[in-house]
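Q: here you go, sequence then predicted model.
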Amino acid sequence: MRIIVDMDEVLVQFVDEVLCRWNTLKDTRFTRDHIDMWHMEATLGPGSFEKITEWIAEPDFFENLEPMPGAIHGFNTLRQDHDVVIATSLAAGIENGYDSKRRWLKKHFPDFDHKHFICTSRKGLLKGDVLIDDAVHFLEDWWNNGNNRAITFHAPWNRVEKNFPRAAKWEDVLSIINFWEAHDEFDKIQRQMETAKTVELVEKTLDHVDKLMKPRRFIPVAL
Ligand SMILES: [Mg+2]
């Protein structure tokens, strides 16, 4: 499968870094649970938009962000078996975001092919089998462009999203992908069975089903 993976809040902890800086600056106690809207400045209050814009313009801001829990192992597991593309959006006017994000990828996935790294604000226009994202507007864009498989990476700001299955952690992402893979395999087998003309072909197909029923390869994710 070609799987399109978002960066901020799927691979990378963006919100936690911003909250940490804002809480230190303003002596507040905001946590992720308080951020129930996409534009976090609506929750943080006056001056936060300007401050966040200033922080993300730092040349090494994205490069130094922490990975999401389980993301390194989960992403490495995913790319063993799939054509994985990273699609991220960049805030307008933040020119160094592209380089800083690429350096983050280099640091955590040194052998990742950067031809599979895309910056776009229209993820619905990409061609793939699955999108993994936390942003409701990107998931809606994906859905509105005729794609019916995506995974909503759970966050307080995307609770309203109802079209797609929800992953609370990377382990859930792998389980959902494994389920879809198995579903597609069974679909294929069913079609082969329907058109099989010989006993030999039916037996071969049944043997394949038997192998599929054996536990699928799954590496538990350390959280
Ligand atoms: Mg995101």
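A: That came in fine, so what should we check first? Numbering: from 1, shown residues only.
Q: close to the ion: what parts of the chain are there?
A: Taking CB under 5 Å from the ion, the part of the chain that reaches the ion is made up of 6, 8-9, 134. Yep, even glycine has a C-beta here, placed from its N, CA and C like the rest.
Q: next structured bit after the longest helix anywhere in the chain?
A: Of all the segments of type helix in the chain, defined by DSSP state H, the longest one is helix 170-195. Proceeding N to C from helix 170-195, the next assigned helix or strand is helix 199-213, under DSSP states H and E.
Q: contacts for that next one next, please.
A: 182, 185-186, 189, 192-193, 196 (CB atoms under 8 Å, 6 or more residues apart in numbering).
Q: which of these are buried? Put it as a PyMOL command.
A: The PyMOL selection below is limited to those of these classed as buried (16 or more other CB atoms under 10 Å):
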select buried, resi 189+196
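Q: what is the nearest of the contacts of helix 199-213 to the ion?
A: Ala182 (27.5 Å; CB to the ion).
Q: about what we covered before: take the contacts of helix 199-213 and write them to JSON lines, including pLDDT.
A: Listed next are the contacts of helix 199-213 as JSON lines, based on pLDDT from 0 to 100:
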{"residue": "Ala182", "pLDDT": "88"}
{"residue": "Glu185", "pLDDT": "86"}
{"residue": "Phe186", "pLDDT": "84"}
{"residue": "Ile189", "pLDDT": "81"}
{"residue": "Gln192", "pLDDT": "79"}
{"residue": "Met193", "pLDDT": "75"}
{"residue": "Ala196", "pLDDT": "70"}
